[in-house]
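Undergrad: fold the stuff below for me.
(2 chains)
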Amino acid sequence: MCISCGCGNDDAPAPATGAGTPDEHEHVGADGLVYRHAHRHAHGAGAMHSHAPGVTPTRRVQIERDILARNDGLAAANRKCFEEHGVLALNFVSSPGSGKTSLLVRTIAALKEKTPLAVIEGDQQTSLDAERILAAGALAVQINTGKGCHLDADQVRQAVDRLAPPRGALLFIENVGNLVCPAAFDLGEACKVVILSVTEGEDKPLKYPDMFRAAHLLLLNKCDLLPHLDFDVQRVIENARRVNPAIEIMQISAATGSGMEPWLEWLAREQAAVHTRPAENNDARERPQL
Amino acid sequence: MHEMSLMEGVAQIIDEAAQANGFRRVRKVTLEIGQLALVDPEAMRFCFAAVMEDSLAEGAVLEIVDVPGSGWCTPCAASVPMSDIIAACPNCGGYQVQATGGLEMKLSSLEVE
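TA: Purely as a prediction, here's the structure:
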């Protein structure tokens, strides 16, 4: 019986059939008229009732699970795997056309004789970027996300299985060009590196704060074009720090190679940190706070 | 539109819960989405029906409970409400506010039969 309206009790006629939704009732009142009404049910945890034969009682099940739990679990496994193999994994994120691939090509040219390099390329379509990376001299595997707007931890796990980066490798994961969605998906990387080119606006960090909050390092690319542009470097730095006071910022040009030294030094420091990190502390590292 | 992937995550959690709890039909799905979470609740609503089609939650009602954003303002040494991730402190007007609440996106409960 329904305790909200009292229909279906011993004194009232049984509900008529044909109600449109489980919330809807019909019953014949004392005046002989058929009354039809709907009402919201206030169910407490575990409360059950039924209105008519054949309607299954409902119950409430507490779940309390993070929607990203599966991805985060796979990302944690990736991170553990990277750390056990001394692999520094970096997640490169940016809008399309910021120069991620060009920056990787130049970085590979500078480091290929010194350290094993591997790249996972994420794009919706084509293997053009992976071909550029292979030509530059690094291991590369292309993931095509199809309709997908970001890489996820499972795709990265499969790509790593195919790549089999050697112990101590530097692994660059070039995410799909998109300043929104990749911020939400941990891939197991040591940290996110966000690339912003000076041909974009200084207000990008304010417009896409989640991505700039999630990154440890901002590479301001295409700085060779600054003399030709009305772009205020100081303002973009202020905007980035407003969103993420701890973010490191470097000015660079993948086209000319200016500013590469601080970037290569940063990479060397991060690699050294992976190699010296005691194995028993592997699980203690937390993902960057989003 | 990563909300589609997130909703597929919801569908997977429902499948696992169905096995663990032995239900065959979901009438209502309740999500808790923080005001500062990396997700658009309206886009989640948009994806819900498409993702749940042909599943045991087909036709279920989606309820989204908003969780207000909050942060810790360092200069004020106080917890303050935050309407968005780059909001200034309502007391001092500064931006040294670290988000502490309203970042969650979780499946909190199901109404099942």
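Undergrad: against which helices or strands is the strand or helix carrying residue B:33 packed?
TA: In this assignment (DSSP states H and E), residue B:33 forms part of strand B:26-34. When contacts are defined as 3 or more Cβ pairs under 8 Å, 6 or more residues apart in numbering or on different chains; DSSP states H and E, strand B:26-34 packs onto helix B:3-21, helix B:41-52, strand B:61-67, strand B:105-112. Just so you know, the C-beta spots here come from the backbone N, C-alpha and C atoms, and that holds for glycine as well.
Undergrad: tell me the most buried of those?
TA: Burial of those is given as mean neighbour count (mean count of other Cβ atoms under 10 Å in any protein chain shown); strand B:105-112 ranks first at a mean of 22.
Undergrad: can you map out the strands along chain A?
TA: Assigned by DSSP state E, the strands in chain A fall at A:24-28, A:34-38, A:59-66, A:88-94, A:117-123, A:139-144, A:170-174, A:191-197, A:215-221, A:248-251.
Undergrad: in its sheet, what does the fifth one sit against?
TA: Using DSSP bridges, strand A:117-123 pairs in its sheet with strand A:139-144 (parallel), strand A:170-174 (parallel).
Undergrad: number of residues surrounding the closest residue to residue A:110 other than its chain neighbours?
TA: Nearest non-adjacent residue to residue A:110, counting by Cβ to Cβ, 6 or more residues apart in numbering or on different chains: residue A:264, 5.9 Å away. Neighbour count of residue A:264, defined by other Cβ atoms under 10 Å in any protein chain shown: 15.
Undergrad: cool, residue A:125 as well?
TA: Using other Cβ under 10 Å, residue A:125 has 9 neighbouring residues.
Undergrad: state the pLDDT value of it.
TA: Note on residue A:125: pLDDT of 92.
Undergrad: and it, how far from chain B?
TA: 17 Å (Cβ to the nearest Cβ, to the nearest Å).
Undergrad: and residue B:110, what are its bridge partners?
TA: residue A:61, residue B:29.
Undergrad: near chain B, which residues of chain A? Just list them.
TA: Residues of chain A lying close to chain B by Cβ under 8 Å from any Cβ of the partner chain are A:43, A:56-71, A:148-150, A:152, A:180-181, A:183-185, A:206, A:209-210, A:213, A:242-243, A:245, A:290.
Undergrad: below-threshold pLDDT in the stretch 151-290 of chain A: ranges please.
TA: A:277-290 (pLDDT under 70).
Undergrad: now the helices: where do they sit in it?
TA: A:153-163, A:204-207, A:209-214, A:233-243, A:260-276 (DSSP state H, counting those that start in this stretch).
Undergrad: just say which of the ones you listed is most tucked in.
TA: It is helix A:209-214: most buried of the helices of the stretch 151-290 of chain A by mean count of other Cβ under 10 Å, with a mean of 24.
Undergrad: contacts made by it with the rest, please.
TA: With contact meaning Cβ atoms under 8 Å, 6 or more residues apart in numbering or on different chains, helix A:209-214 is reached by A:93, A:179-180, A:182-184, A:192, A:194, A:204-205, A:218, A:240, A:243-244, A:247, A:288-290, B:38, B:84-86.
Undergrad: make a PyMOL selection of the buried ones in the residues you listed.
TA: Only the buried entries of the contacts of helix A:209-214 go into this PyMOL selection, using 16 or more other Cβ atoms under 10 Å in any protein chain shown:
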select buried, (chain A and resi 93+179+180+182+183+184+192+194+204+205+218+240+243+244+247+290) or (chain B and resi 38+85+86)
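Undergrad: center of the chain - which residue?
TA: Using chain A here. Central residue of chain A (Cα atoms, centre = their mean): residue A:185, 1.9 Å from the mean position.
Undergrad: wrong one, chain B
TA: Note: chain B centre (Cα atoms, centre = their mean) maps to residue B:33, 2.2 Å.
Undergrad: now that one: how far from residue A:259?
TA: Taking Cβ to Cβ, to the nearest Å as the measure, residue B:33 falls 40 Å from residue A:259.
Undergrad: residue A:220 too?
TA: 9 Å.
Undergrad: those two: which is more packed in?
TA: Using other Cβ under 10 Å as the criterion, residue A:220 and residue A:259 rank with residue A:220 on top: 24 against 18.
Undergrad: could you find the closest non-adjacent residue to the more buried one?
TA: residue A:251 is the one closest to residue A:220 (Cβ to Cβ, 6+ apart), at 4.8 Å.
Undergrad: tell me the contacts of the one you found?
TA: Taking Cβ under 8 Å, 6+ apart, we find residue A:251 in contact with A:220, A:223, A:233, A:259.
Undergrad: check contacts around the first one.
TA: With contacts taken as Cβ under 8 Å, 6+ apart, residue A:220 has the following neighbours: A:196-198, A:233, A:236, A:249-252.
Undergrad: and with 10 Å instead?
TA: Applying Cβ atoms under 10 Å, 6 or more residues apart in numbering or on different chains to residue A:220 gives the contacts A:98, A:194-198, A:200, A:226, A:231, A:233, A:236-237, A:240, A:249-253, A:259.
Undergrad: cool, residue B:18 as well?
TA: Contacts of residue B:18 by Cβ under 10 Å, 6+ apart are A:61, B:24-26, B:55-57, B:110, B:112.
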